[in-house]
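Pasting the sequence and the predicted model now:
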Amino acid sequence: MSELCFHDVSIRFGGLRHGLTAVDHASLTVPDSGIVGLVGESGSGKSTLARAAVGLVPLSGGRIELNGRPLARRGPESRRVQMIFQDPSSALNPRMSVGESIAEAFPRGSTASTRRAEVARLLELVHLDRAHAKSSPARMSGGQRQRVALARALASRPEVVIADEITSALDVSIQGTVINVLRDLQRELGISVLFISHNLPLVRYMSDSIAVMYLGRIVEQGPAEQILGNAQHPYTRELLAAVPDSSRQAQRQDVQDFVLHPAVVSEPTDPEPLHNGCRYHSRCPVGPLTNPERGICRTEDPSEEHANEAACHFAEPRTPPSTDGTSVASAASTSVRKSL
Amino acid sequence: MTARGMWTDSVRVRYLVRRTGRLLVSLLVLLTAAFLMIHVIPGDPVRGALGPTAPADLVAARRESLGLNDPLAVQYLNYLRHLLAGDLGTSMISGLPVSEMLAQRLPATLSIALLAFVGAVAIAVPLGVGFGVLTRNGRARRAELGFTSVSSVLGTIPEFLFAVGLVYLFGVQWQILPVAGRSGPESYVLPVLCLAIGPAALLARILRVEMVAILTADFIRTARAKRLPAPIIYLRHALPNALTATLTIGGLLLGSMIAGTILVESVFAWPGLGSTIVQSILTKDYPVAQGIVLFYGATVLVLTMVVDLILAALDPRSAIGQS
């Protein structure tokens, strides 16, 4: 049982007047042995939310709980949530060997030989040769280093691992290796994973459920096939549509979309909302920009009483879970095939 | 793995050879400069040493015995030959061999220089690390301003001014510490303090800047996310990475500290090499002055090389960069 819960978490940086709300009343649950994908564009607050879970950023509101209890601040209990960072080239201390970096999080009092054996075991878990324990991070490739970072995170026997864009600094050919190692380990060890990425195909490959963040808000969440096949929030739909398709026809279609929807290719709005209403209304392709009668988007913050907890006034109303699962799944797969 | 190991080994050996070669060239320049010293000083060094009232035949005999009448090239070769045999000449005043005087005076100088260096590091490391941690990411701006201004003032005051000031305070005003001579542990306090304050301030400044830079590194973030205790983050993860520049400057400061002993020893009448060289210059005892100059110069050159080699061992890029 290892469930990580974000309850109504808010994170503010800076003072009251010049500050910035990076995360705004976000609630998210990473279920036991589940993989939750967290997607959203740069600056949406994904990493900030993740950093809060490992204590790098203080909370301004709400609480984060592991198995129903607040996270410990220090001591071995505090190491139950571990994070892997984006850039493996700088995430390891260059003055420490790989083995030293991994062994640092071991409990006190273990003997040198058990530490060595444990380091070797962890290295083999991530498909690295045990001889790498003595080498310095500078001698390893990016993919190897990222796997060391993974072994390092596993060293303290975490219940939850947060993977923050762990492949975006890697070569495409290496990404698959690292991702597969993470997925196999998740299955083998039964850890829960919060998988943060802006790469939707990767998130689809990894996750059981997906949460979409926009300007500090979680605008939609639900099972992966629901989000991918039956996206309720216009922002999610735009994210899905923005995944490039290598086929020629799709490229032509992309160009047309670009011409048709100038609103959605605009820069993200200022994270500090000077306006009331839906945070997405100034870019929304179905909002007041294209449908002037939808003034409610400018004035009222949408509730999440919709399917997929979508924070959009014009999302479908929440449907009872008796929907025909097969049709949703098939719709999801066709739509995914079309858009990814 | 082994191929790469051998490659780096050969790079290290080549660097060692090249660095030693540079040291030898520098030493030769130093030897030549010290040799030419007596020949560019205006006037006759023997006449100067023996005084204006000395009889002319005594001066001539002394010149002959010192070989000063030989051609310059012959003198130079003789000088090198004697040096290789460990013979630095004889004092014109006391008649003692210079090497013997060096051996006799060296411990006094070495003890205050080393104590001052250890003291400077012992003061600078906690201060630099502490203020680095305190002022990381632009925190505690007032503390940063205070620290940088105080340390830059302390770092630029010359040792002999410190010496005078400290003598006034501790020796004259409060009369709690001896101001001259080498007699017991308390006599070490003031000379060592004078030598240590400036280097300590400079080292602490550099270490603070390095710490602030290192503390923004990603692996520090990793260490924090690992929930390591703060002392381990700062001492095991940050400090070793911040030491490279500090060590470079530290080695150079040790060299300048040895030169600083000249002035400090004169102020405190410390019976070391520094006061001996000043005395020998005043009495025109040029073999002694020459020998001590050689010794000081060689020490600084060797220290610089040792620092370079330690740096190359710690950070092989520094060796490759100099090829």
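That came through, no problem.

who's in contact with residue B:242?
B:128, B:129, B:132, B:207, B:210, B:211, B:213, B:214 (Cβ atoms under 8 Å, 6 or more residues apart in numbering or on different chains). Yep, even glycine has a C-beta here, placed from its N, CA and C like the rest.

That should have said residue B:69, apologies.
Counting by Cβ under 8 Å, 6+ apart, residue B:69 touches residue B:63.

picking that back up, looking at the contacts of residue B:242, which one is closest to chain A?
residue B:214 (9.9 Å; Cβ to the nearest Cβ).

What count of nearby residues applies to the residue of the stretch 101-250 of chain B found nearest chain A?
Closest approach between the stretch 101-250 of chain B and chain A, counting by Cβ to the nearest Cβ: residue B:218, at 3.8 Å. Residues near residue B:218, counting by other Cβ atoms under 10 Å in any protein chain shown, number 16.

What mean pLDDT does stretch A:145-162 get?
Stretch A:145-162 carries an average pLDDT of 91.

Could you do stretch A:5-22 as well?
Rounded mean pLDDT across stretch A:5-22 is 83.

What of stretch B:314-321?
Here the average pLDDT along stretch B:314-321 is 64.

Up against chain B, what does the stretch 151-300 of chain A have?
With Cβ under 8 Å from any Cβ of the partner chain as the criterion, the stretch 151-300 of chain A meets chain B at residues A:152, A:156.

Enumerate every residue touching the residue in the stretch 151-300 of chain A that chain B sits nearest to.
Closest residue of the stretch 151-300 of chain A to chain B, Cβ to the nearest Cβ: residue A:156 (7.1 Å). Applying Cβ under 8 Å, 6+ apart to residue A:156 gives the contacts A:76, A:79, A:80, A:82, A:105, A:106, B:226.

wait, what's in contact with the first one?
Residue A:76 makes contact with A:107, A:156 under the criterion Cβ under 8 Å, 6+ apart.

Please apply the same query to the last one.
With contact taken as Cβ under 8 Å, 6+ apart, residue B:226 is in contact with A:79, A:82, A:104, A:105, A:152, A:156.

Quick check: the gap between it and residue A:58.
Applying Cβ to Cβ, to the nearest Å, the value for residue B:226 to residue A:58 is 18 Å.

re earlier: from residue A:144, how far out is the residue of the stretch 151-300 of chain A closest to chain B?
Noted for residue A:156: a distance of 21 Å to residue A:144, by Cβ to Cβ.

report the longest helix in chain B, please.
helix B:2-40 (DSSP state H).

what's the neighbour count on the closest residue to the residue of the stretch 101-250 of chain B closest to chain A other than its chain neighbours?
Nearest residue to residue B:218, sequence neighbours excluded (Cβ to Cβ, 6 or more residues apart in numbering or on different chains): residue A:90, at 3.8 Å. By other Cβ under 10 Å, the residues close to residue A:90 number 18.

Am I right that residue A:90 is in contact with residue B:220?
No. Counting by Cβ atoms under 8 Å, residue A:90 sits too far from residue B:220 to count as a contact (9.7 Å).

Just the pLDDT for residue 253.
All of this refers to chain A. On the pLDDT scale, residue A:253 gets 57.

that's the other chain; I wanted chain B
Per-residue pLDDT puts residue B:253 at 84.

shouldn't it be in contact with residue B:200?
No. Contact criterion Cβ under 8 Å: residue B:253 and residue B:200 do not qualify, at 9.2 Å.

Identify the contacts common to the two.
Shared contacts of residue B:253 and residue B:200, counting by Cβ under 8 Å, 6+ apart, come down to residue B:120.

Show residues contacting the longest helix anywhere in chain A.
Ranked by number of residues, the top helix in chain A under DSSP H is helix A:172-189. Applying Cβ under 8 Å, 6+ apart, the contact partners of helix A:172-189 are A:33, A:35, A:125-127, A:141-143, A:146-147, A:150, A:154, A:161, A:163, A:166-167, A:170, A:191-193, A:195, A:202, A:205-206.

Point to the residue nearest the middle of chain B.
Nearest to the geometric centre of chain B sits residue B:255, at 1.8 Å (Cα atoms, centre = their mean).

how far away is the spatially closest residue to it that is not a sequence neighbour from residue A:64?
Spatial nearest neighbour of residue B:255, excluding adjacent residues (Cβ to Cβ, 6+ apart): residue B:300 at 4.0 Å. Residue B:300 is 58 Å from residue A:64, where distance means Cβ to Cβ.

Helix or strand: which one has the residue in the stretch 101-250 of chain A that chain B sits nearest to?
Closest contact between the stretch 101-250 of chain A and chain B, by Cβ to the nearest Cβ, is at residue A:105 (5.5 Å). Under the criterion DSSP states H and E, no helix or strand holds residue A:105.

backbone phi and psi for the nearest residue to it once chain neighbours are set aside, please?
Once flanking residues are discounted, residue A:105 sits nearest to residue A:156: 4.0 Å by Cβ to Cβ, 6+ apart. Note on residue A:156: its backbone torsions stand at phi -90, psi 20 [degrees, to the nearest 10].

same thing with residue A:305?
Phi and psi for residue A:305, reported as degrees, to the nearest 10, are phi -80, psi 50.

What is the least confident helix or strand in chain A?
In chain A, no helix or strand scores lower on mean pLDDT, DSSP states H and E than helix A:325-339, which sits at a mean of 42.

Can you report how many residues lie near residue 310?
Here I'm looking at chain A. 28.

Oops, wrong one, chain B.
Residue B:310 - counted by other Cβ under 10 Å - has 15 other residues nearby.

And it, how far from residue B:20?
15 Å.

same check, this time on residue A:279
Distance, residue A:279 to residue B:20, using Cβ to Cβ: 67 Å.

Have a look at those two and say which one is more surrounded.
Comparing residue A:279 with residue B:20 by other Cβ under 10 Å, the one with more neighbours is residue A:279, at 24 against 12.

what comes up buried for the helix or strand residue B:102 falls within?
Assigned by DSSP H and E, residue B:102 belongs to helix B:98-134. Residues of helix B:98-134 classed as buried by neighbour count (16 or more other Cβ atoms under 10 Å in any protein chain shown): B:98, B:101-102, B:105, B:108-109, B:111-113, B:115-117, B:119-121, B:123-125, B:127-133.

and what of stretch B:140-155?
Result for stretch B:140-155 [16+ other Cβ under 10 Å]: buried residues B:144, B:147, B:151, B:154, B:155.

can you tell me which residues contact the fourth one?
By Cβ under 8 Å, 6+ apart, the contact list for residue B:154 reads B:197, B:198, B:200, B:201.

Let me have those in a markdown table, extended by neighbour count, secondary structure and distance to chain A.
Output for the contacts of residue B:154, formatted as a markdown table (neighbours: other Cβ atoms under 10 Å in any protein chain shown; DSSP: H, G, I helix; E, B strand; the rest coil; distance: Cβ to the nearest Cβ, whole Å):
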| residue | neighbour count | secondary structure | distance to chain A |
| --- | --- | --- | --- |
| B:197 | 20 | helix | 30 |
| B:198 | 24 | helix | 29 |
| B:200 | 26 | helix | 25 |
| B:201 | 22 | helix | 26 |
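
okay but residue B:70 is in contact with residue B:79, surely?
No. Using Cβ under 8 Å, residue B:70 makes no contact with residue B:79, being 10.5 Å away.
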